[in-house]
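Undergrad: One predicted model, sequence on top.
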Amino acid sequence: MSVLKTINIKVDNIEALKQAIKELGYEFIEGRRTMHTVYGDSDEVILQLKDDDTELPVGFIENDDGTYTMKADWYGLGINNEEFEQDLNVAYSKHKVINTVTQNGYSFDTMNENQEEIELKFSLWESDDSGTFASDFESSF
């Protein structure tokens, strides 16, 4: 049955969300708009997924606290919603860490990814009175 559902994914970094969506192979339409399902349900979203030229009934609403919640109607899309939600959570988390750490001056060096863990490595070149040295930072999740 077709119905818009609120999905238990909350994000607070819209840029990391956009990067995660692209990583999963989807495009998006940005800006406040009404998203419709095949059977006429609708909701106001600020970001809606699309696949090629087809608008998908999967989007994100902005909450009062500045976070974003996913709304979706998976009926008839041929997308495994549980797998999509898990993949989106992982991709979003990865891009949020990369964005946050690089905004603090670190350079993103490498990523090792396997089925159980993602390891990100960053470095920062710093100078002080004793010379120039590198600081390394690793994040795993």
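TA: The structure has been received and is ready for your questions. Numbering: from 1, shown residues only.
Undergrad: C-alpha from now on. contacts and neighbour counts both.
TA: Noted.
Undergrad: residue ranges with poor pLDDT in this structure?
TA: Scanning the chain for pLDDT under 70 picks out the ranges 1-2, 115, 126-141.
Undergrad: could you pull out the helices for the protein?
TA: 14-23, 81-103 (DSSP state H).
Undergrad: Mind giving me the packing neighbours of the first one?
TA: Helix 14-23 makes packing contacts with strand 27-36, helix 81-103 when contacts are defined by 3 or more C-alpha pairs under 8 Å, 6 or more residues apart in numbering; DSSP states H and E.
Undergrad: looking at the helices of the chain, which is buried most?
TA: Comparing the helices of the chain by mean neighbour count (mean count of other C-alpha atoms under 10 Å), helix 14-23 ranks first with a mean of 18.
Undergrad: Now do that helix: everything it contacts.
TA: 11, 27-28, 49, 68, 88, 91-93, 95-96, 99 (C-alpha atoms under 8 Å, 6 or more residues apart in numbering).
Undergrad: returning to what we had before: among the helices and strands packed on helix 14-23, which is nearest residue 112?
TA: Among the helices and strands packed on helix 14-23, the nearest to residue 112 by C-alpha to C-alpha is helix 81-103 (11.4 Å).
Undergrad: before we move on, the earlier item: for the helices of the chain, give me JSON lines that also has distance to residue 38.
TA: As requested, the helices of the chain are exported to JSON lines (distance: least, C-alpha to C-alpha, whole Å):
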{"stretch": "helix 14-23", "distance to residue 38": "22"}
{"stretch": "helix 81-103", "distance to residue 38": "17"}
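Undergrad: Show me the beta-bridge partners of residue 11.
TA: residue 68 (DSSP bridges).
Undergrad: Identify the residues contacting it.
TA: Neighbour list for residue 11: 17, 67-69 [criterion: C-alpha under 8 Å, 6+ apart].
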